[in-house]
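>>> give me coordinates for this.
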Amino acid sequence: MNNLCVAHRGFSGKAPENTLAAIRMAIAMPFVHWMELDVQLSKDGVPVVIHDFTLDRTTNGHGKVRNMDWEHIRRLDAGSWKGRSFRGERVPSLEEVLSLASGRLRLNIELKTVGNMYPGIEQKVTDLISSKGMRDDVILTSFDTDVLKKIKEIDPRFRTGLIFDSRFGNPARRLHELECSLLSISFSRLNPRLAKVLTEQGVKIMAWTVNKGKEMRRLADMHSDIMICTNRPDIWGDTFLNV
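Okay, the predicted model is just below:
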C-alpha cells in the first residue's frame with residue numbers, strides 16, 4: 001500500500017487525542033497500520049501518553065504533567081472536552097497503549113521533552129517497549145537530537161526519527177549523522193526534491209498533519225513512500241480507497 005495512513009494521536013478528529021478510545025477507533029479502520037502518539041513522564045516516573053506539557057487542555061486537571069504522580073493523572077477525565085460520549089476516558093500509560101496496539105498497529109512514539117525535563121525517559125521507554133517484544137513495531141522520534149543519540153546508545157537496534165525543525169538546516173545530513181531512519185516533517189515544508197533525496201537514501205518520510213484530501217493527493221503525487229499522518233483517517237480512506 002502506498003502513502004501509508006498514520007493515525008495522529010489515534011483517530012483524534014473524532015475521539016479525544018491520545019486516549020484508548022481514539023486508538024480503538026483507529027484500529028477499527030483496516031487500512032490504518034500506524035499511529036503517532038506522545039509520551040512524557042509522571043512525577044513518579046511512569047511513561048504517560050499525552051501531548052501537552054500541561055494537563056489543562058485535554059483533561060479536567062491543571063498543572064504540569066511532570067509535577068503529578070501517575071495515580072493522580074490516571075483519575076482525570078481526558079474525554080469530556082471532546083464530547084459527552086467520551087466522558088470518563090482516561091490518560092493512558094504507555095504500557096496500556098502498547099498492550100492495546102500489540103499485533104494491531106505500529107507506533108511512532110514521540111518523546112516529548114526539552115533539555116533535561118525528563119531524565120531517564122529514553123531508558124524507561126525503551127525498556128518498556130523491549131519488555132513487550134515490540135522493538136520492531138516502533139519508531140522513536142523527537143525534536144531533541146540528544147534524545148535520539150541516547151536511544152542509540154541504549155540500544156542501536158531501535159529505529160529513530162528526527163522531527164524536523166528549520167534550525168537544523170539540511171535534514172538529509174542531520175539524519176545521516178544521527179543514524180535516523182525517518183524524517184517527521186510538517187507537510188507544508190515538504191518538497192519534491194527533499195522527498196526524492198531522502199527516499200534515495202532509504203529514509204522514510206512522515207508528513208503531518210494532513211486533514212484534507214487534496215493535500216493528501218498532492219503528497220501522493222510527490223512520492224508514493226510518503227507516510228500521511230492525519231487526524232482523519234476516514235478522509236484518507238475516502239481519498240485513496242473510496243471507502
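>>> skip the chain neighbours and tell me the closest residue to the one residue sitting closest to the centre of the chain.
Residue closest to the average C-alpha location in the chain (Cα atoms, centre = their mean): residue 36, at 2.5 Å. Among residues not flanking residue 36 along the chain, residue 108 sits closest, at 4.3 Å (Cβ to Cβ, 6 or more residues apart in numbering). Placement of C-beta: from N, CA and C, glycine included.
>>> so that neighbour makes contact with residue 38?
No: using Cβ atoms under 8 Å, residue 108 is not in contact with residue 38, being 10.0 Å away.
>>> which one of those two has more residues nearby?
Applying other Cβ atoms under 10 Å to residue 108 and residue 38 shows that residue 108 carries more neighbours, namely 27 against 19.
>>> am I right that that one is in a strand?
Yes: using DSSP: H, G, I helix; E, B strand; the rest coil, the secondary structure at residue 108 is a strand.
>>> quick check: the residue nearest to the centre of the chain is in a helix.
No: looking at residue 36 with three-state DSSP, it is strand, so not inside a helix.
>>> measure it to residue 136 for me?
Distance of residue 36 to residue 136, given as Cβ to Cβ, to the nearest Å: 17 Å.
>>> contacting residues around the residue nearest to residue 142 when sequence neighbours are not counted?
Leaving aside its sequence neighbours, residue 142 sits nearest to residue 111 (Cβ to Cβ, 6+ apart; 4.7 Å). Contact partners of residue 111, counting by Cβ atoms under 8 Å, 6 or more residues apart in numbering, are 39, 118, 121-122, 125, 140-142, 144, 147.
>>> list just the nearest of these to residue 205.
In terms of Cβ to Cβ, no member of the contacts of residue 111 lies closer to residue 205 than residue 141, at 12.2 Å.
>>> what about stretch 16-23, start to end distance?
10 Å (Cα to Cα, to the nearest Å).
>>> rewinding a little: tell me the bridge partners for the residue nearest to residue 142.
For residue 111, the beta-bridge partners under DSSP bridges are residue 39.
>>> quick check: the gap between it and residue 138.
12 Å.
>>> again with residue 201
Residue 201 is 21 Å from residue 138, by Cβ to Cβ.
>>> and the two? which has more neighbours close in?
residue 138 (19 against 12).
>>> measure that one to residue 119 for me?
21 Å.
>>> in the chain, mark out all the strands, start to finish.
In the chain, the segments counted as strands under DSSP state E are 5-8, 32-41, 47-49, 106-111, 138-142, 159-163, 182-186, 204-208, 227-230.
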